[in-house]
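Asker: Everything below, folded, please.
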Amino acid sequence: MPMPTKNISQSERNKALIAMRFYRLHHPTGKADLVSTQNALSNLSFHLVKDAWRIQRNAIAFMFENVGQYDHARVIHEMKNPVSLPENRHLQKKKRGDCKRVLETEHSKIVHYILKRNKPNWALLAVLEVVRETGVRPCEIDKMTFNADNNSLDVISAKKTEDGLRGLDRTFYFDTGQFNTLTAAHEAWKQHKLLSGSDSTKAMKLLQDQLARVTKALFPRRKNRITLKSYRHQFGSNLKASGWSRQETAAAMGHQSVNSLSLYGNIRNASRLPEFSVSRTSVMNVRNTVLKTYKPCSDKLFLLTVHAK
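Answerer: Model prediction:
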């Protein structure tokens, strides 16, 4: 199939490239009809996770639309993933999970690998520094605010809801050296976003993909890859071993309630102590709701909580 020549968006261009790669692999002669395409796409489902297979299907449908074969495009769009069928689910390729810890030796290897490249990815190093030292979600990096008057960092929660029941804005305080390092790292992130010509989400995805390539090269046999989220898990582990109260730990993680602490970190995985403090206001905004027990009542389970006064 020919590459689209009309003016297309970046998203459409990505679909076209994916489809062209599919046809080169499965139809190297360039001759492909609807049935052979369906067969190749069906067979591919046993080698890809569901999201990856869906991307392939949508890309192929786009190519059919591009050449005016709208009926073919509709048929492809309506294809169901064969491994989603009840009798085939056991054959589905499992999606890799996030590793929930980052050893200091592993972090050092990642940094060294990036630095030894001919063109080190400074933006990736900068983002790794930010998430390692602050535990922020990747989508929160763009809305950080630094205040040099008191070496503080304000983070707007990406999980915050209008009813105030989820997500917590928080303020960190650092010593001057660490504050300056994080400020420079954040500037490197903003420069990367500017040069990429993308919005925050796409610019961050570029760095996440680069990190995936780095960790695959360094740790090829690992089932669970180190991701930016892995650093957040490690951050939670370090906090749990620091001796901080549950309220302080929840505030640093950006949680509205101490109940959410179970989602991140394991005290046995701690590797270093935090080098910052969190504002009293942030801590005071945490709901001190402690999970006590479950009791059966009329065949239902009711969560009993205790609220601090």
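Asker: buried stuff in stretch 117-136?
Answerer: 121, 123-136 (16 or more other CB atoms under 10 Å). Heads up, the C-betas are built off the backbone N, CA and C, glycines and all.
Asker: where does this structure have low pLDDT?
Answerer: 1-8, 28-32, 86-98, 161-165, 289-309 (pLDDT under 70).
Asker: what does the lengthiest helix in it rub up against?
Answerer: In the chain, taking DSSP state H as the definition, the longest helix is helix 176-196. Helix 176-196 has contacts (CB atoms under 8 Å, 6 or more residues apart in numbering) with 122-123, 125-127, 129-130, 133-134, 141-142, 144, 146, 148, 151, 153, 174, 199-200, 202-203, 206-207, 275-276.
Asker: circling back: greatest separation within the buried residues of stretch 117-136: which pair is it?
Answerer: Greatest spatial distance in the buried residues of stretch 117-136: N121 and G135, 21.5 Å, computed using CB to CB.
Asker: Tell me where the stretch 101-250 of the chain has helices.
Answerer: Under the criterion DSSP state H, counting those that start in this stretch, the stretch 101-250 of the chain contains helices at 104-115, 122-134, 176-196, 200-218, 228-240, 246-253.
Asker: Quick one: distance of the helix or strand encompassing Q56 to the chain centre.
Answerer: Using DSSP states H and E, Q56 maps to helix 50-66. Relative to its chain's centre, helix 50-66 lies at 23 Å (CA atoms, centre = their mean, to the nearest Å).
Asker: Show me which residues of that helix are buried.
Answerer: W53, Q56, R57, A59, I60, A61, F62, M63, F64, E65, N66.
Asker: helix or strand right after it?
Answerer: Next helix or strand after helix 50-66 toward the C-terminus (DSSP H and E): helix 70-77.
Asker: and that following helix, what does it pack onto?
Answerer: helix 34-44, helix 50-66 (3 or more CB pairs under 8 Å, 6 or more residues apart in numbering; DSSP states H and E).
Asker: For N266, grab phi and psi.
Answerer: Per-residue torsions, N266: phi -140, psi 120 (degrees, to the nearest 10).
Asker: OK, contacts around it?
Answerer: Going by CB under 8 Å, 6+ apart, N266 touches K100, R101, S237, K240.
Asker: what do you get for L115?
Answerer: Residues in contact with L115 (CB under 8 Å, 6+ apart) are L125.
Asker: how near is it to F64?
Answerer: Taking CB to CB, to the nearest Å as the measure, L115 falls 45 Å from F64.
Asker: which one among the buried residues of stretch 117-136 gets closest to Q10?
Answerer: Ranked by distance to Q10 (CB to CB), those are led by A123 at 19.1 Å.
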